[in-house]
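In: No sequence on hand, only this structure:
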């Protein structure tokens, strides 16, 4: 890690910790909204609509991107919206059925596996970081910890 990136590490790590705290909060809220509205798709539609309004308001303040940047040179970059849509809908569906803790534990396990694969191969523009024996052992320990912390259905 370079000197400039190490000074930014702590605030970025804190921001990502806060984002991590937000994942189960979002899951619980979206799940409850899905129950109130009668389905996970309705909850996800409302969530995305509110998010769209807020993000648009933020763009008004921070500035809109150059229209020329909206290209399909790398179409896979647009798949993130579909992935987020799948996450929001699946957590709203799953949490009331298997419990919030179980739903989030499986999300975390998926995140660990995907992050390791993406980093190992440097996929999707990420910094390549090979899976060493030490790192693989850490991933296995994390997966075991998630399994042990998982509440039985």
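Out: Noted; the coordinates are in hand. Keep in mind it's a predicted model, so treat the numbers as computed, not measured. Residues are numbered from 1 along each chain as shown.

In: any chance you could map the strands in this protein?
Out: With DSSP state E, there are no strands along the chain.

In: Let's see the pLDDT reported for residue 110.
Out: Predicted confidence (pLDDT) for residue 110: 89.

In: Please apply the same query to the one 4 residues further on.
Out: According to the predicted model, the pLDDT of residue 114 comes to 92.

In: now residue 153
Out: 60.

In: now the nearest residue to residue 149 once chain neighbours are set aside: how far from residue 17?
Out: Ranked by CB to CB, 6 or more residues apart in numbering and with sequence neighbours excluded, the top spatial neighbour of residue 149 is residue 105, at 6.4 Å. C-beta coordinates here come from the backbone N, C-alpha and C atoms, glycine included. As for residue 105, its distance to residue 17 is 18 Å (criterion: CB to CB, to the nearest Å).

In: With residue 42 instead?
Out: 31 Å.

In: More neighbours: which of these two?
Out: residue 42 (15 against 10; other CB atoms under 10 Å).

In: residue contacts, that one?
Out: By CB atoms under 8 Å, 6 or more residues apart in numbering, the residues touching residue 42 are 33-34.

In: Kindly give the local confidence score, pLDDT, for it.
Out: So, for residue 42, pLDDT stands at 96.

In: At which residues are the helices of this protein located?
Out: For the chain, applying DSSP state H gives helices covering 3-37, 40-62, 79-98, 100-121, 133-149.

In: among the ones you listed, which is nearest residue 69?
Out: helix 40-62 (12.9 Å; CB to CB).

In: Could you check the angle that closest one makes with helix 3-37?
Out: Per axes from the mean of the first three to the mean of the last three CA atoms, to 10 degrees, the angle that helix 40-62 makes with helix 3-37 is 140 degrees.

In: Check which residues of helix 40-62 are buried.
Out: 40, 43-44, 47-48 (16 or more other CB atoms under 10 Å).

In: close enough to count as contact, residue 107 and residue 87?
Out: Yes: Residue 107 is within contact range of residue 87, at 7.5 Å (criterion: CB atoms under 8 Å).
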